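**Student:** take a look and give me a structure for this.
(one chain, ligands or ions: 2)
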Amino acid sequence: MDKIKVIVAGPRGKMGSEALRMIEKEESLDLVACLDHKYDGKNISEFNELPALDALIYTDIEKCLSEVNADVLIDLTTPEFGYLHTKTALQHGVRPVVGTTGFTDVQIEELSQLAEEKQLGVIIAPNFAIGAVLMMQFAKWAAKYYPDVEIIEKHHDQKLDAPSGTAVKTAALIKEVRESKQQGHPNEKETLKGSRGADYDGMRVHSMRLPGLVAHQEVIFGGEGEILTIKHDSMHRKSFMSGVKLAVDQVMKLDVLVYGLENILE
Ligand SMILES: NC(=O)C1=CN([C@@H]2O[C@H](COP(=O)(O)OP(=O)(O)OC[C@H]3O[C@@H](n4cnc5c(N)ncnc54)[C@H](O)[C@@H]3O)[C@@H](O)[C@H]2O)C=CC1
Ligand SMILES: O=C(O)C1=N[C@H](C(=O)O)C[C@H](O)C1
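**Tutor:** Ligands and ions are numbered 1, 2, ... in the order given. You can find the predicted model right below:
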């Protein structure tokens with residue numbers, strides 16, 4: 001069987017470098033180029049801290065996609081560039097697998113329309129860890145019975161977006177089944193701005209940023225005389241890689257945009 005030809009955007013980042021390590025081990029994947037915002041023309045093999053893969057770095061996505069024959073672009077960059085890369089990849093007939101978080105609903109809808117027009121698969125997964133996907137599904141199930149819920153996400157302090165993509169996705173999944181309700185006391189007042197967190201359809205979302213953390217989330221439900229906590233912890237970025245591999249395989253079979261790994265898990 002032919003190997004899937006992959007471009008990685010953000011190869012020197014925490015996730016991008018882990019994705020390179022995953023590609024190095026997977027015989028069915030072939031790294032054909034990388035996209036970075038610097039080091040144009042250098043080879044990934046010149047970076048001692050990265051796996052010894054042979055692939056050129058491009059800083060210009062148009063040039064990269066015109067010169068390189070690729071099937072899939074894995075994007076692990078920033079919200080601004082991730083959106084641009086996804087759109088450009090589709091315009092060049094390359095299927096995007098997007099881990100980058102922070103896209104707006106409007107951007108996801110635009111990309112969905114473009115995917116449909118081009119009849120190309122796209123997978124946008126706010127979290128590639130299978131445990132995190134299950135945590136979100138369990139939270140959605142629990143929300144049917146417990147409408148009072150707060151989400152606490154905790155991440156390393158280099159994270160750009162807040163709340164995390166996982167927290168936003170969790171809130172959206174809960175909203176599908178939870179009766180809409182404004183939580184807390186109707187007369188509650190913040191004496192310190194932001195102390196009640198963000199408001200998503202009346203539920204509260206709190207973001208913590210600390211060195212030492214990787215990616216963690218608790219979804220806490222309150223009922224009469226009881227508390228249910230659903231919790232997931234990623235202690236290492238290896239936890240995301242089986243999901244990235246699954247998404248790369250599955251995106252080759254799709255001709256629409258899929259938002260969330262739960263939609264491709266069997
Ligand atoms: N879906 C998931 O399971 C996960 C998603 N993420 C998301 O992935 C993204 C990256 O996260 P990290 O690796 O932790 O960040 P990072 O800051 O370590 O890496 C981002 C990389 O993108 C590169 N970059 C910036 N602008 C670029 C451009 N124009 N072209 C190409 N590369 C560019 C930077 O040089 C950097 O190496 C974030 O949006 C994060 O939220 C992170 C972990 C898991
Ligand atoms: O930036 C991160 O680290 C992570 N980002 C994703 C998110 O925003 O949910 C996934 C995971 O939580 C790690």
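**Student:** quick one: the residue lying closest to residue 123 once chain neighbours are set aside from residue 85, how far?
**Tutor:** Sequence neighbours aside, residue 247 is the residue nearest to residue 123 in space, at 4.4 Å (criterion: Cβ to Cβ, 6 or more residues apart in numbering). Every C-beta, even on glycine, is put in place using the N, C-alpha and C of the backbone. Computed as Cβ to Cβ, to the nearest Å, the residue 247 to residue 85 distance reads 15 Å.
**Student:** picking up where we left off before, what helix or strand is the residue nearest to residue 123 on?
**Tutor:** Per DSSP states H and E, residue 247 falls inside helix 241-251.
**Student:** buried stuff in that helix?
**Tutor:** By neighbour count on 16 or more other Cβ atoms under 10 Å, the buried set for helix 241-251 is 241, 243, 244, 245, 246, 247, 248, 249, 250, 251.
**Student:** now the residues you listed as JSON lines including pLDDT and distance to ligand 1?
**Tutor:** JSON lines is the format used below for the buried residues of helix 241-251 (pLDDT from 0 to 100; distance: Cβ to the nearest ligand atom, whole Å):
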{"residue": "241", "pLDDT": "98", "distance to ligand 1": "9"}
{"residue": "243", "pLDDT": "98", "distance to ligand 1": "7"}
{"residue": "244", "pLDDT": "98", "distance to ligand 1": "8"}
{"residue": "245", "pLDDT": "98", "distance to ligand 1": "12"}
{"residue": "246", "pLDDT": "98", "distance to ligand 1": "12"}
{"residue": "247", "pLDDT": "98", "distance to ligand 1": "9"}
{"residue": "248", "pLDDT": "98", "distance to ligand 1": "13"}
{"residue": "249", "pLDDT": "98", "distance to ligand 1": "16"}
{"residue": "250", "pLDDT": "98", "distance to ligand 1": "15"}
{"residue": "251", "pLDDT": "98", "distance to ligand 1": "14"}
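**Student:** between these, which is closest to ligand 2?
**Tutor:** Distances from ligand 2 to the buried residues of helix 241-251, taken as Cβ to the nearest ligand atom, are shortest for residue 243 (10.2 Å).
**Student:** that closest one contacts residue 133, doesn't it?
**Tutor:** Yes. Under the criterion of Cβ atoms under 8 Å, residue 243 makes contact with residue 133 at 7.4 Å.
**Student:** helix/strand/coil for the residue lying farthest from the centre of the chain?
**Tutor:** For the chain, the residue at maximal distance from the C-alpha centroid (Cα atoms, centre = their mean) is residue 187, at 36.5 Å. Three-state call for residue 187 (DSSP: H, G, I helix; E, B strand; the rest coil): coil.
**Student:** with only the CA atoms kept, save the helix holding residue 247 in PDB.
**Tutor:** Provided in PDB are the C-alpha atoms of helix 241-251 (Å, rounded to 0.1, in the frame of the first residue of the first chain):
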ATOM      1  CA  MET A 241      -0.300  10.700  19.000                       C
ATOM      2  CA  SER A 242      -2.600   7.700  18.500                       C
ATOM      3  CA  GLY A 243      -5.300  10.200  17.800                       C
ATOM      4  CA  VAL A 244      -3.200  12.100  15.300                       C
ATOM      5  CA  LYS A 245      -2.400   8.800  13.500                       C
ATOM      6  CA  LEU A 246      -6.000   7.800  13.400                       C
ATOM      7  CA  ALA A 247      -7.000  11.200  12.000                       C
ATOM      8  CA  VAL A 248      -4.400  11.000   9.300                       C
ATOM      9  CA  ASP A 249      -5.700   7.600   8.200                       C
ATOM     10  CA  GLN A 250      -9.400   8.600   8.400                       C
ATOM     11  CA  VAL A 251      -9.100  12.000   6.700                       C
END
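**Student:** right, I'll call it a day here.
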